[in-house]
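[1] sequence and predicted model, in that order:
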Amino acid sequence: MLDIKFVRANPEIVKENIRKKFQEDKLELVDEVIELDKEYRAAKTRADELRSKRNSMSKLIGGLMAKGEKEQAEQVKSEVKQYGAELEDLAKRETQLEGEIRKIMLVIPQIIGDDVPIGRDDSENVELERFGEPIVPDYEIPYHVDIMEALNGIDLDSARKTSGNGFYYLKGDVARLHSAILSYARDFMIDRGFTYFIPPYMIRSDVVTGVMSFAEMEGMMYKIEGEDLYLIGTSEHSMIGRFIDTIIPESELPKALTSYSPCFRKEVGAHGIEERGVYRIHQFEKQEMIVVCKPQDSDEWYNKLWNNTVDFFRTLDIPVRTLECCSGDLADLKVRSLDVEAWSPRQRKYFEVGSCSNLGDAQARRLGIRVRGEDGGKYFAHTLNNTVVAPPRMLIAYLENNLKADGSVAVPEALRPYMGGKDKLERCKD
């Protein structure tokens, strides 16, 4: 959420940013919110004037009464009473205007970074760098579910009966591999200086609207019926919400946190839930990175975060690339975002396995996350998040890139301590 003072002083910058995001329908909101702000400030000014007059006249009443001039005192009291009625009306109008202003400000997008590429959608994202050689072996790479079934590691039919499409049972070595990857990701991030958390898996509506836009919320979140609670779509929601309405001493920054959670998503408007596959699903688990820092440090942390994901995947022998998200592909709260994509030798292309985002002060402003500087002044923190790993989607890249010609799957050295020392997963005998 932008500062209304910035919008008031820089309406054309805000409008140009909206155009860069191809959201022309929001242009009129800028003028509308400026007018509402003007009315709000006028009401506030009038209320301040009346309070000052009321205080002065209250003192005058005391003086008149002391002199025995009761008739004049009663006249002044009548005027003060009128002020009180007007102040009550002004207070109601201020509250109404504050609500209308906030409602609009929540949908005006954050100012994107100067060097974010301009484009309408993810087809115009820009490749930055590749890490590892994308290899296509001279033997067939089956569909990921076929690989899992050959390892006796997945049961989709039973999941459809219990829960419907978009759910799964993992079992045996594949389930163990899933847990091993998450355990390794946890320790990988702890070794890089992040504090490990397991957060609440449900959050209240004020946290939801603090961490994401309305459009994202409608397309992602499951609401608990009859409760002011939502199932989280990522642990970032809980972790950033943890700091709601707090003032953090500057000396305690940065906060570098890594969190595990299950994640629940409607996937409304997505490319569709597969009947047979685990790429786009309603339930999965994820290890996340979250940083709360000073504004001047957020660019440096942004680069650290996505590099952590690249390094993690490379330790598992998975080639990856990075893509800079274009303006039209950025959610409204984001200053910039970078996707990490893993190589699929079966499809002979890359696919998304993680996303790193710098949200500037957008979440902090919505949630009231402030920093107290050494001089005693307060300012809004910057927040960032990034995916370490999100199986079972990540298992697709892992299995395809580590599949051998005989159908076995290699276990990289980094994972072996979490897999009981196994160096490969064997096909089950027919």
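    Done, it's in.
[2] in stretch 99-107, what counts as buried?
    Neighbour-count burial for stretch 99-107, with 16 or more other Cβ atoms under 10 Å as criterion, is recorded at 100, 101, 104, 105, 106. All C-beta atoms are positioned from the backbone trio N, CA, C, and that covers glycine.
[3] repeat for stretch 371-385
    Buried residues in stretch 371-385, defined by neighbour count with 16+ other Cβ under 10 Å: 371, 380, 381, 382, 383, 384, 385.
[4] ok, stretch 157-166 next?
    Of the residues in stretch 157-166, those with enough neighbours to count as buried (16+ other Cβ under 10 Å) are 159, 165, 166.
[5] is it true that the first one touches residue 167?
    Yes. At 4.3 Å, residue 159 counts as touching residue 167 under the criterion of Cβ atoms under 8 Å.
[6] measure residue 366 to residue 105 for me?
    Remark: distance between residue 366 and residue 105 (Cβ to Cβ, to the nearest Å) = 9 Å.
[7] cool, and residue 281?
    Counting by Cβ to Cβ, the gap from residue 281 to residue 105 is 34 Å.
[8] likewise for residue 334?
    Distance, residue 334 to residue 105, using Cβ to Cβ: 16 Å.
[9] over to residue 15?
    Note on residue 15: its distance to residue 105, by Cβ to Cβ, is 15 Å.
[10] residue 223 now?
    The separation that residue 223 has from residue 105, given Cβ to Cβ, amounts to 24 Å.
[11] for residue 37, helix, strand, or coil?
    helix (DSSP: H, G, I helix; E, B strand; the rest coil).
[12] that one and residue 101 touch, don't they?
    Yes. The criterion here is Cβ under 8 Å, and residue 37 meets it with residue 101 at 6.0 Å.
[13] between the two, which contacts overlap?
    residue 4 (Cβ atoms under 8 Å, 6 or more residues apart in numbering).
[14] which residue ranges of the stretch 201-350 of the chain form strands?
    202-203, 222-223, 230-231, 246-249, 255-264, 283-293, 320-324, 336-344, 349-358 (DSSP state E, counting those that start in this stretch).
[15] which among these is found nearest to residue 376?
    Of all those, strand 246-249 sits nearest to residue 376, with 10.7 Å by Cβ to Cβ.
[16] against which helices or strands is the closest one packed?
    Contacting strand 246-249 under the criterion 3 or more Cβ pairs under 8 Å, 6 or more residues apart in numbering; DSSP states H and E are the following elements: strand 369-372.
[17] report the distance from the strand it packs on to the chain centre.
    A distance of 19 Å separates the C-alpha centroid of strand 369-372 from that of its chain, computed with Cα atoms, centre = their mean, to the nearest Å.
[18] can I get the CA coordinates of that strand in CSV?
    Below are the C-alpha coordinates for strand 369-372, written out as CSV (Å, rounded to 0.1, in the frame of the first residue of the first chain):
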residue,chain,number,x,y,z
ILE,A,369,5.2,-3.1,10.9
ARG,A,370,7.5,-0.2,11.9
VAL,A,371,11.2,0.2,12.8
ARG,A,372,12.5,2.5,15.6
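[19] which residues touch it?
    Looking at strand 369-372 with Cβ under 8 Å, 6+ apart, the contacting residues turn out to be 240, 243-250, 253, 292, 294, 363-364, 378-381, 383.
[20] likewise stretch 306-321?
    With Cβ under 8 Å, 6+ apart, stretch 306-321 has contacts from 127-135, 181, 185, 188-189, 192, 289, 322, 338, 340-343, 350, 353-354, 356, 386-389, 397-398, 401-402, 410, 412, 414-415.
[21] buried subset of those residues?
    Members of the contacts of stretch 306-321 that pass the buried threshold by neighbour count (16+ other Cβ under 10 Å) are listed as 131-132, 134, 181, 185, 188-189, 192, 289, 322, 338, 340-343, 350, 353-354, 356, 386-389, 397-398, 401-402, 410, 412, 414-415.
[22] show me the helices in this structure, by range?
    For the chain, the helices defined by DSSP state H cover 4-9, 11-20, 27-67, 70-105, 144-150, 156-162, 172-191, 205-211, 214-220, 235-241, 298-314, 362-367, 393-402.
[23] mind giving me a markdown table with those and columns for distance to residue 329 and mean pLDDT?
    Output for the helices of the chain, formatted as a markdown table (distance: least, Cβ to Cβ, whole Å; pLDDT from 0 to 100):
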| stretch | distance to residue 329 | mean pLDDT |
| --- | --- | --- |
| helix 4-9 | 24 | 97 |
| helix 11-20 | 12 | 98 |
| helix 27-67 | 20 | 84 |
| helix 70-105 | 22 | 83 |
| helix 144-150 | 25 | 95 |
| helix 156-162 | 31 | 94 |
| helix 172-191 | 26 | 97 |
| helix 205-211 | 19 | 94 |
| helix 214-220 | 13 | 77 |
| helix 235-241 | 18 | 96 |
| helix 298-314 | 16 | 98 |
| helix 362-367 | 16 | 96 |
| helix 393-402 | 19 | 94 |
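[24] just checking, residue 239 touches residue 288?
    Yes. Residue 239 lies in contact with residue 288 (Cβ under 8 Å); the separation is 7.1 Å.
[25] so what's in contact with those two at the same time?
    In contact with both residue 239 and residue 288: 259, 385, using Cβ under 8 Å, 6+ apart.
[26] tell me how far residue 389 lies from residue 106.
    Taking Cβ to Cβ as the measure, residue 389 and residue 106 are separated by 31 Å.
[27] got JSON lines for the buried residues of stretch 371-385, with distance to residue 90 and pLDDT too?
    Supplementary listing: the buried residues of stretch 371-385 in JSON lines, determined by distance: Cβ to Cβ, whole Å; pLDDT from 0 to 100:
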{"residue": "371", "distance to residue 90": "33", "pLDDT": "98"}
{"residue": "380", "distance to residue 90": "29", "pLDDT": "98"}
{"residue": "381", "distance to residue 90": "34", "pLDDT": "98"}
{"residue": "382", "distance to residue 90": "36", "pLDDT": "98"}
{"residue": "383", "distance to residue 90": "36", "pLDDT": "98"}
{"residue": "384", "distance to residue 90": "41", "pLDDT": "98"}
{"residue": "385", "distance to residue 90": "41", "pLDDT": "98"}
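[28] strands - which of these land there?
    Assignment to strands by DSSP state E places the following of the buried residues of stretch 371-385 there: 371, 380, 382, 383, 384, 385.
[29] can you name the two of the residues you listed that sit furthest apart?
    Set against one another by Cβ to Cβ, these have their most distant pair in 371 and 385, with a gap of 18.0 Å.
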